[in-house]
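Peer 1: Below are the sequence and a predicted model for it; my questions follow.
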Amino acid sequence: MIKAILFDMDGVLYDSMPSHVKAWYDTMSALNAISTPEDFYLFEGRTGESTINILFNRSFGRNATPEEIEKIYAEKARRFTELEQPESKPMRGAQEVLQKVKQMGLLRVIVTGSGQKSLFDKLDHHFPGFFDKDLMVTAYDVKQGKPHPEPYLIGLQRANIKPEEAIVVENAPLGVEAGKAAGIYTIAVNTGPLPDKVLLDSGADILFHSMKDLADTIEKIVREQSGQ
């Protein structure tokens, strides 16, 4: 029986990926690091440290120092906040998905690579009553970001469930890989510019083009995965 849905956040619950991508691209370009906007859609789910080190090795042939990482990530976060003003926009259809999941009596778990300190307040503002602070996995909780399964394994642990009792909802190829590596049925929602093939090749069990489309089908998927 399915007992919980594990949700990524950016690109799934919030239409925030364009701002994340621009914030990363602007920040790294100012350092003369080699990148393209598409890189950051492909890197989504990695820790900030991992993203920075990939680009530092590509551009400068070395890892960034801890001091550089801290400074760069702070600038990226500042730029993201600037771009997201006045506030983040919930993804169209996300509320409907959450409502149906709640009506089915399923736990809602957040598994995000985000390190925003006000994350729960933000979720409680836009999606009041849907999430519990104890059922969240953020950048502060993991040693290895997506595509490593650790974030989703921690999510399962916090919900006290097995992989076969969960469903993952992801928008990023690395997130899909992480969900599958954790042994969980993984839904891809392609809300960005990447081709469907990238998400399917990452192992997605099924793909939708919007959260609204998923809202129309989520109950059926839960029944099927529960063997009903």
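Peer 2: On my side now, so go ahead. Keep in mind the model is a prediction, meaning the values are calculated, not measured.

Peer 1: okay, and the helix or strand of this protein with the least pLDDT?
Peer 2: None of the helices or strands of the chain scores lower by mean pLDDT, DSSP states H and E than helix 119-126, at a mean of 88.

Peer 1: where does this structure have low pLDDT?
Peer 2: Applying pLDDT under 70 to the chain picks out residues 117.

Peer 1: related to what we said a few turns ago, then the least confident helix or strand of the chain to CSV, C-alphas only?
Peer 2: What follows is helix 119-126, C-alpha atoms only, in CSV (Å, rounded to 0.1, in the frame of the first residue of the first chain):
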residue,chain,number,x,y,z
LEU,A,119,11.7,27.0,3.8
PHE,A,120,8.9,25.7,6.1
ASP,A,121,7.5,29.2,6.6
LYS,A,122,7.4,29.6,2.8
LEU,A,123,5.6,26.2,2.4
ASP,A,124,3.2,26.9,5.2
HIS,A,125,2.3,30.3,3.7
HIS,A,126,1.5,28.9,0.2
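
Peer 1: Mind checking what helix or strand follows that helix in sequence?
Peer 2: strand 136-137 (DSSP states H and E).

Peer 1: if I look at residue 38, how far off is residue 72?
Peer 2: From residue 38 over to residue 72 the distance is 20 Å, taken as C-beta to C-beta, to the nearest Å. The way it works is simple: take the backbone N, C-alpha and C, and place the C-beta from them, glycine included.

Peer 1: of these two, who's got more company?
Peer 2: residue 72 (23 against 13; other C-beta atoms under 10 Å).

Peer 1: Tell me, how many residues neighbour residue 195?
Peer 2: Neighbours of residue 195 (other C-beta under 10 Å): 9.

Peer 1: Please identify the buried residues of the longest helix anywhere in the chain?
Peer 2: Across the chain, the longest stretch assigned as helix under DSSP state H is helix 66-83. In terms of neighbour count (16 or more other C-beta atoms under 10 Å), helix 66-83 has its buried residues at 69, 72, 73, 75, 76, 77, 79, 80.

Peer 1: CA atoms only for the host helix or strand of residue 56, dumped as PDB, please.
Peer 2: Using DSSP H and E, residue 56 sits within helix 48-60. C-alpha atoms of helix 48-60 as PDB (Å, rounded to 0.1, in the frame of the first residue of the first chain):
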ATOM      1  CA  GLY A  48      25.500  24.000  -4.100                       C
ATOM      2  CA  GLU A  49      29.000  22.700  -3.300                       C
ATOM      3  CA  SER A  50      28.800  20.000  -6.000                       C
ATOM      4  CA  THR A  51      27.500  22.500  -8.600                       C
ATOM      5  CA  ILE A  52      30.300  25.000  -7.900                       C
ATOM      6  CA  ASN A  53      33.000  22.400  -7.900                       C
ATOM      7  CA  ILE A  54      31.800  20.900 -11.300                       C
ATOM      8  CA  LEU A  55      32.100  24.400 -12.800                       C
ATOM      9  CA  PHE A  56      35.400  25.300 -11.100                       C
ATOM     10  CA  ASN A  57      36.900  22.100 -12.400                       C
ATOM     11  CA  ARG A  58      35.600  22.700 -15.900                       C
ATOM     12  CA  SER A  59      36.800  26.300 -15.900                       C
ATOM     13  CA  PHE A  60      39.800  26.500 -13.600                       C
END
